[in-house]
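K.L.:
just coords:
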């Protein structure tokens, strides 16, 4: 897959899934809903203040009376709970953030009674289309885990592999990143990468090929890997980049967008259903890409 538009195109329109949007009174979110309904990408529960949703829908020419859209009135305080409960009960398949803070949405997602808890770790999975590259590439985790332990990195990889596999990647190649390719006792990232590689070889990390530590250049550029004499199934061909800390991920994420002019789709994985947690600054098209990735990741 070379373009995020291909991800959108491969969504099965014959039986569209339902997305529950928490605090849906947001113009960019509603533009994305309009675009998604126009292409029959998904159906929607728009949760929040009905008057505000109607007012902002009118501003973006979204017809709320059309088939596939249902407005569910809820206060700002209750909108996250109502949206998450819709997914918990099976009425919807994906949770999407609207005009609500991330903390409030995740609090509802993690609620013991009606939430979507599955494992111990939630992680952000981003899929980038970068001009000049011949395929899309995943990056994790740029939003949730600050300095993940080895055990947390295992779950982060599992979360990313699950998303990638459901989106069409078979046995994706995973590169745990570090500053160097040799194991250095003074650099925890290299030790963790080596252990993750060994765990994969022993069948403890399944559905993927893991090899590291790899520096960024040797993970993504075959020529760089060749020049350094690195022989690996992953070097120069990585599908998933796994970072040692949130600072590394944040710098890479923003570099891909601001320097490389990349396009991105992103979801939170590790819950019983994917969560679309886009930035309020993201435009409607970016939200469509994230929706498409979430819809693919929601397949069982």
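P.N.:
Done, it's in. These numbers were taken from a predicted model, which means no experiment stands behind them. Numbering: from 1, shown residues only.
K.L.:
what about the helices in the stretch 151-300 of the chain?
P.N.:
For the stretch 151-300 of the chain, the helices defined by DSSP state H, counting those that start in this stretch cover 188-201, 216-220, 222-227, 246-258, 284-297.
K.L.:
partners of the residue nearest the centre of the chain in the sheet?
P.N.:
Centroid check for the chain by C-alpha atoms, centre = their mean gives residue 267 as the closest residue, at 2.3 Å. Note on residue 267: beta-bridge partners residue 125, judged by DSSP bridges.
K.L.:
report pLDDT for it.
P.N.:
Residue 267 carries a pLDDT value of 96.
K.L.:
contacts only, for residue 80.
P.N.:
Counting by C-beta atoms under 8 Å, 6 or more residues apart in numbering, residue 80 touches 22-23, 100, 104-105, 107-109. Every residue, glycine included, has its C-beta placed from N, CA and C.
K.L.:
what's the distance between residue 191 and residue 95?
P.N.:
36 Å (C-beta to C-beta, to the nearest Å).
K.L.:
just want to know which of these two has more residues nearby.
P.N.:
residue 95 (31 against 16; other C-beta atoms under 10 Å).
K.L.:
helix, strand or coil for the more buried one?
P.N.:
strand (DSSP: H, G, I helix; E, B strand; the rest coil).
K.L.:
any idea how far residue 97 is from the closest residue to it other than its chain neighbours?
P.N.:
Once flanking residues are discounted, residue 95 sits nearest to residue 275: 4.8 Å by C-beta to C-beta, 6 or more residues apart in numbering. Residue 275 is 7 Å from residue 97, where distance means C-beta to C-beta.
K.L.:
okay, and the common contacts of those two?
P.N.:
Taking C-beta under 8 Å, 6+ apart as the contact rule, residue 275 and residue 97 both touch residue 105.
K.L.:
OK, contacts around residue 134?
P.N.:
Residues near residue 134 by C-beta under 8 Å, 6+ apart: residue 2.
K.L.:
doesn't it lie inside a helix?
P.N.:
No. Residue 134 is assigned coil when assessed by three-state DSSP, not a helix.
K.L.:
stretch 125-145 spans what distance, first to last residue?
P.N.:
In stretch 125-145, first residue to last residue: 12 Å (C-alpha to C-alpha, to the nearest Å).
K.L.:
distance between stretch 253-271 and the chain's centre?
P.N.:
In terms of C-alpha atoms, centre = their mean, to the nearest Å, the centre of stretch 253-271 is set 9 Å apart from its chain centre.
K.L.:
so for that stretch, what gets flagged as buried?
P.N.:
Using 16 or more other C-beta atoms under 10 Å as the burial criterion, the residues of stretch 253-271 that qualify are 253, 256-257, 262-271.
K.L.:
tell me the one of these nearest residue 174?
P.N.:
For these, the closest approach to residue 174 (C-beta to C-beta) belongs to residue 269, at 14.2 Å.
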